[in-house]
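>>> fold the following for me, if possible:
(one chain, ligands or ions: 2)
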Amino acid sequence: MIILKTAHVVSMGVIEANCFILYNEFTKACIIIDAGEDAQAVIDKVTTLDLRPELLINTHGHFDHIMADDIVRTTYNIPLAIHEADSDMLSDPYKNASVMIDKEVKIKKPEILLKEIEYEASFCKYSIIHTPGHTQGSVCVLVANKWLFAGDTLFTGSIGRTDFVGGSMAMMKESLKKLKKLDKNIEVFPGHGTFTTIGEELAKNIYLR
Ligand SMILES: [Zn+2]
Ligand SMILES: [Zn+2]
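Residues are numbered from 1 along each chain as shown. Ligands and ions are numbered 1, 2, ... in the order given. Prediction:
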């Protein structure tokens, strides 16, 4: 029986990043993946679903994914997790690219530095796949070998840009090799745009050839 669910919030900020909420519908515990730019939208969704957040994960350190972090984590008194290679981006407006929008996004230090291992929340296990390329510390979060929260690494029909600070096409290619090996049936929830599956991307996405 599958008791895990996902909810989706589109952050109505400058770049409309996707925020995902992974939750157990019985215990109501949840993990928020990328708070995005709009803290109130995240909080409204958590309230509507009557959820109890226990962790906030950032797929990477760009401003469109992290801007609401501090409001969300203080609202629920939960830790923030990000890969160690992106942790410096949180408090650096140049590295997190918020200078591009004339804002100084500075997020407080994370409590958890993610590594490429399996973690256990109160209601599920999840694996962190380190997928540098878009940024040095980009990660994908794989849950129950069923859902992949891909951040800005893999999009429907495309991949994330590699020309920002810390980006690398060579690293991106290696990271995509990891994703190509995943089960075709895995649903993919990218950091922007529509959802897809590993199988669909293997068939249609030229970057996965
Ligand atoms: Zn990004
Ligand atoms: Zn993004």
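>>> what about Met169, neighbour count?
Using other CB atoms under 10 Å, Met169 has 11 neighbouring residues. Every C-beta, even on glycine, is put in place using the N, C-alpha and C of the backbone.
>>> what does Glu174 give?
So Glu174, with other CB under 10 Å, has 12 neighbours.
>>> so who does the nearest residue to Thr194 once chain neighbours are set aside touch?
Closest residue in space to Thr194, ignoring its immediate chain neighbours: Thr156 at 4.9 Å, by CB to CB, 6 or more residues apart in numbering. Counting by CB atoms under 8 Å, 6 or more residues apart in numbering, Thr156 touches 188, 190, 193-196, 200-201, 205.
>>> one more time with 6 Å
Going by CB atoms under 6 Å, 6 or more residues apart in numbering, Thr156 touches 193-194, 196.
>>> kindly report the same for Lys103.
Contacts of Lys103 (CB under 6 Å, 6+ apart): none.
>>> now swap in Leu182 and tell me
Ile198.
>>> could you find the closest non-adjacent residue to the residue most central in space within the chain?
The centroid of the chain falls nearest to Thr59 when counting by CA atoms, centre = their mean (3.2 Å). Spatial nearest neighbour of Thr59, chain neighbours left out: Gly151 (2.7 Å); criterion: CB to CB, 6+ apart.
>>> isn't the one you found up against His62?
No. Using CB atoms under 6 Å, Gly151 is not in contact with His62; the gap is 9.0 Å.
>>> quick one on the thing from earlier: quick one: the residue nearest to Thr59 from Thr47, how far?
25 Å (CB to CB, to the nearest Å).
>>> pick out whichever of these two has more residues nearby.
Gly151 (29 against 9).
>>> so the more buried one bridges to which residues?
As for beta bridges, Gly151 partners with Pro190 under DSSP bridges.
>>> contacting residues for it?
Applying CB under 6 Å, 6+ apart, the residues near Gly151 are 59-60, 138, 191.
>>> for those residues, work out which two are farthest apart.
Ser138 and Gly191 (9.3 Å; CB to CB).
>>> how about the closest residue to Gly61 other than its chain neighbours, secondary structure?
Using CB to CB, 6+ apart and skipping residues adjacent in sequence, the residue nearest Gly61 is Met89, 2.7 Å away. State at Met89, reduced to three classes by DSSP: H, G, I helix; E, B strand; the rest coil: helix.
>>> quick check on Ile71: phi, psi?
phi -70, psi -40 (degrees, to the nearest 10).
>>> so it makes contact with Asp38?
No. Between Ile71 and Asp38 there is no contact under CB under 6 Å: 9.7 Å.
>>> which one's more surrounded, those two?
The neighbour count for Ile71 versus Asp38, taken as other CB under 10 Å, is higher for Asp38 (20 against 15).
>>> how far away is that one from ligand 1?
16 Å (CB to the ion, to the nearest Å).
>>> how about the longest helix along the chain: buried residues?
What stands out as the longest helix in the chain, according to DSSP state H, is helix 169-180. Buried residues in helix 169-180, counted by 16 or more other CB atoms under 10 Å: 171-172, 175-176, 179.
>>> which of the contacts of Gly151 sits closest to Ile78?
The closest of the contacts of Gly151, once distances to Ile78 are taken by CB to CB, is Thr59, at 16.6 Å.
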